[in-house]
Structures are given as C-alpha cells and as structure tokens.
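okay, predicted coordinates and the sequence, questions at the end:
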Amino acid sequence: MANWRNTAERWGNIARILHWTIAVLILGLIGVGAFMTDMENTPAKYQMYMLHKSTGLLVLMLVICRIVWRLSSRKPKAVPSIPWYMNAAAEVTHWGLYVLMLAIPLSGWLLHSYANFPLNWFGIEGWRVPNLVTVPVDIASARIEEIEEIHGALAWLLLFVVAVHAGAAFFHHFVRKEPILARMTPFIREPKA
C-alpha cells in the first residue's frame, strides 16, 4: 500500500510528488528562461513567454502547497550517523530553497505586472492573471530592467543551491552510505554500508 503521508523513515508520496514535480518544472523554467530572451520577436517568442509565466505561477502554487504540507506533516527523523552541523546545514538549505522558490515566481509576476501585458493562465479564457501592482508607464519602464535582472539573478542562485542540495544528497548516498537520497527518490534503495 502506498504511503501518502510522511513516516519516521521516509518522505511520503505527497511530499515526493511535489518535490520532483517542482524540481522538473523549475529546471525547465530556467532553461526556457535562458533560451527565450535571445529569441527573435515572433509569435513563437510570445507563446514561450506566456508558457514560462503560466508555468512559473503553477510552480508558485505548488511551492505554497509544499510548504503547507511540510509544516503540517511530520518530518522523517534525523539519521543518527549524520552530525548535527550537517543536519543544520540541510535545514538552512531547504528553507533557502523555499524562499528562492517563492521569490522567483513572485519577482516574475511583479515583472509581468510592471510590463502590464495581459496574460490568461495557460491561455485559458477567463483566467486572467491580475497584476500585483499598477504603476505609471514611465515608472514601470524604468524598473522593468532592474526587476528582470533580479529575477534572473535569483534563478541562477536557485540553480546553484539546487546543485549544492543534489550534491549533498549524492554525497550522503554514495560516500557516507546514508539513506538521505532513498528517502525522497522513488526506486532508489538505501545504500549498503
């Protein structure tokens, strides 16, 4: 029987599904974001931007669900062989990831709001994304580039923190032979000491 809730030993299926869905979407968004800015101004670029924005808002919703689930569900107990400072670093890294995963789509939404360009979420008629702010055009045009730089810098920072996070999981799995990776990843068994 599937474990949907977290247990003392493993993350449950809800946490796993949210974790991996968000991870795949974010990596795709970063790739598309880096690619689309250099595209020629064509309908294809417009569609790419609309898809990027809609997916970013989907990630925002999923991250909020992930945080609510994390705060309302038990967390697997610490692995006894892991020193306290590694557990503390993991906790700081996880909350840093959450902050970045909220800040990036919110900065993108703010950028979209300053541009004041209409967006129906995934093109669905009647699902218009509201602007976070309404500002005069002259102020908006002065701020758009600044917000765009912040949005991009946050995305690169997130990519770095994700690499550290994944590297730590591999280190614990392959070097220290600890079950950290197996707790969150389906089909991976605990390493043998």
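Structure received. Keep in mind the model is a prediction, meaning the values are calculated, not measured.

from here on, just use CA atoms for contacts and neighbour counts.
Fine.

and the next element down the chain from the top helix by length along the chain?
Secondary structure of the chain per DSSP state H: the longest helix is helix 137-170. Per DSSP states H and E, the first helix or strand lying C-terminal to helix 137-170 is helix 180-184.

may I see the buried residues of that following helix?
Across helix 180-184, burial judged by 16 or more other Cα atoms under 10 Å covers 180-184.

ok, those vs Asn120, which is closest?
Distance to Asn120 across the buried residues of helix 180-184 (Cα to Cα) is lowest for Met184, with 34.2 Å.

among the buried residues of helix 180-184, which two are most distant?
Top of the distance list for the buried residues of helix 180-184 (Cα to Cα): Ile180 and Met184, 7.2 Å.

looking at this structure, which helix or strand does the model trust least?
Least confident element among the helices and strands of the chain, by mean pLDDT, DSSP states H and E: helix 180-184 (a mean of 91).

with just CA atoms, put that one into PDB.
Extracted as PDB, the C-alpha positions of helix 180-184 are listed here (Å, rounded to 0.1, in the frame of the first residue of the first chain):
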ATOM      1  CA  ILE A 180      19.000  10.500   2.500                       C
ATOM      2  CA  LEU A 181      18.600  10.100  -1.300                       C
ATOM      3  CA  ALA A 182      16.500   6.900  -0.800                       C
ATOM      4  CA  ARG A 183      14.000   8.800   1.500                       C
ATOM      5  CA  MET A 184      12.900  11.200  -1.300                       C
END
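
for it, packing partners?
On a contact count with 3 or more Cα pairs under 8 Å, 6 or more residues apart in numbering; DSSP states H and E, helix 180-184 meets helix 137-170.

show the average pLDDT along the helix it packs on.
The pLDDT scores in helix 137-170 average 94.
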